[in-house]
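Q: Next one to model:
(chains A, B and C)
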Amino acid sequence: MPEGHSVHRIARQFGVNFVGTAPEVSSPQGRFAQGAAILNGREMTDARAVGKQMFLEFEGDHWLRVHLGIYGAWDFAGEVEIDPAIQIHTTKFGRGRLGQTGMAGVVEGPVDRAGEDSVASIGAPRRSRVARVHMAERDRAEATNGAFPPDPVGQVRVRLLTETVCADLRGPTACEVLTPAEVDAVVQRLGPDPANANTPEERQRFVDRARRKRTPIGLVLMDQSIIAGIGNVYRAEMLFRARLDPHTPANSLDPAVLEDLWDDWAHLLEIGITVGQMITIDGLEGEAYRRALAERDERHWVYKLEGTPCKRCGTNIVLEEFGARKLYWCPGCQL
DNA sequence: TTAGCATGAAAAA
DNA sequence: TTTTCCTGCTAAT
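A: The predicted model follows:
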């Protein structure tokens, strides 16, 4: 269920935990047995994300492409080094307690991988070790008492295993081994991603692509070939922030409006990657910010808020079926 | 405890 | 346009 920010976070996690190692690669479920055999024992040399797709490079010009789709997820276990640049917010814990329930923060402190229950504390973002980190639409870190490596739970399509860390992939919509040329072809079909290059050139690439479309802007923002990484939540929230009627044809918009949309996506994406949540209401501080981390309704303007008064103008938020997806918007603000 | 839905996208029809 | 993937959250029970 993740949008672009989650995939970038997961790619960073692989950068920290796997790049430079030669993991054992298997497919407990069996459906990726052939691909696993190709990758097994090879050194991972790069981990990157473009939009909602992740690419892991292995020596010998083999790339693993993963797309999580609507319910895919990665689970890391063992000595998981948290990228110091990102925060893992923990709102729910397993049997081993890492901190106060409901408190947002960063898990810190070593957890013995042999399974001893140990205490980690909430503190400043630094190198951290936790026993289990679930990375999907929402991240979850917890201590466990289980053995390492853990028994595969459910349908594990791929397992990557080093001496100290294990990563399990479940429920992906895509998981395949590609050649460099095939990776290029996939990336070629994707629009620009500001998390990789927030440059005037890339912004212009988005503007040029969008301006050619008569399609409503509400659909254009979801089109991964025009701009990469935006999903249903960010789509709705960005349109609200820009005060745009989702039905407006993209080609009727002033290029400056499209430029602003790009800039806003870059801004929201950066927050999402760092914080691990889609915070689309800006500038919250203190208690309000804490509530935004804990409650979805507190961090969004319109998403899943149909029937409630708009936080800006008081008009009731509307839910509309739009391009086979649910669209939330404010008829008062979004003229 | 459980049933229905969902922060995608590709394949099938 | 419908089906598939077949997980996990959440509201309802």
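Q: list the contacts for residue A:329?
A: A:236, A:239-240, A:245-246, A:302, A:317-318, A:320 (Cβ atoms under 8 Å, 6 or more residues apart in numbering). Placement of C-beta: from N, CA and C, glycine included.
Q: Quick one: these as CSV, columns for pLDDT too.
A: Formatted as CSV, these follow (pLDDT from 0 to 100):
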residue, pLDDT
A:236, 94
A:239, 96
A:240, 96
A:245, 96
A:246, 95
A:302, 95
A:317, 94
A:318, 93
A:320, 92
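Q: Which among those count as buried?
A: A:236, A:239-240, A:246, A:302, A:317-318 (16 or more other Cβ atoms under 10 Å).
Q: show me the contacts for the residue of the stretch 151-300 of chain A found nearest DNA strand B.
A: Here the residue of the stretch 151-300 of chain A nearest DNA strand B is residue A:231; by Cβ to the nearest atom of the strand that distance is 2.4 Å. Shown in contact with residue A:231 (Cβ under 8 Å, 6+ apart): A:2-4, A:52, A:222.
Q: any idea which of the residues you listed is the one closest to residue A:37?
A: Of all the contacts of residue A:231, residue A:37 sits closest to residue A:52, with 26.7 Å by Cβ to Cβ.
Q: Would you confirm that the closest one contacts residue A:3?
A: Yes. With contacts counted by Cβ atoms under 8 Å, residue A:52 reaches residue A:3, the gap being 6.8 Å.
Q: Against residue A:29, how distant is residue A:74?
A: 14 Å (Cβ to Cβ, to the nearest Å).
Q: of those two, who's got more company?
A: residue A:74 (26 against 17; other Cβ atoms under 10 Å).
Q: excluding its backbone neighbours, what's nearest that one?
A: residue A:135 (4.7 Å; Cβ to Cβ, 6 or more residues apart in numbering).
Q: ok, back up a step: please narrow the contacts of residue A:329 to those residing in helices.
A: A:236, A:239-240 (DSSP state H).
Q: now check stretch A:271-291, is it near DNA strand C?
A: No. If you take Cβ under 7 Å from any atom of the strand as the test, stretch A:271-291 misses DNA strand C, and the best it gets is 11.0 Å.
Q: Using CSV, write down the CA coordinates of that stretch.
A: This file holds the C-alpha atoms of stretch A:271-291, laid out as CSV (Å, rounded to 0.1, in the frame of the first residue of the first chain):
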residue,chain,number,x,y,z
ILE,A,271,8.9,14.9,4.6
GLY,A,272,7.4,11.5,3.9
ILE,A,273,10.8,9.9,3.4
THR,A,274,12.2,11.4,6.6
VAL,A,275,9.2,10.9,8.9
GLY,A,276,7.8,7.7,7.4
GLN,A,277,4.3,9.1,7.3
MET,A,278,2.3,11.1,4.7
ILE,A,279,2.1,14.3,6.6
THR,A,280,0.3,16.7,4.3
ILE,A,281,-0.7,19.4,6.7
ASP,A,282,2.3,21.7,7.0
GLY,A,283,3.9,23.4,9.9
LEU,A,284,2.4,21.4,12.8
GLU,A,285,4.3,21.7,16.0
GLY,A,286,4.3,20.2,19.4
GLU,A,287,1.1,18.5,20.5
ALA,A,288,-0.6,19.0,17.1
TYR,A,289,2.4,17.4,15.4
ARG,A,290,2.3,14.5,17.8
ARG,A,291,-1.4,14.0,17.1
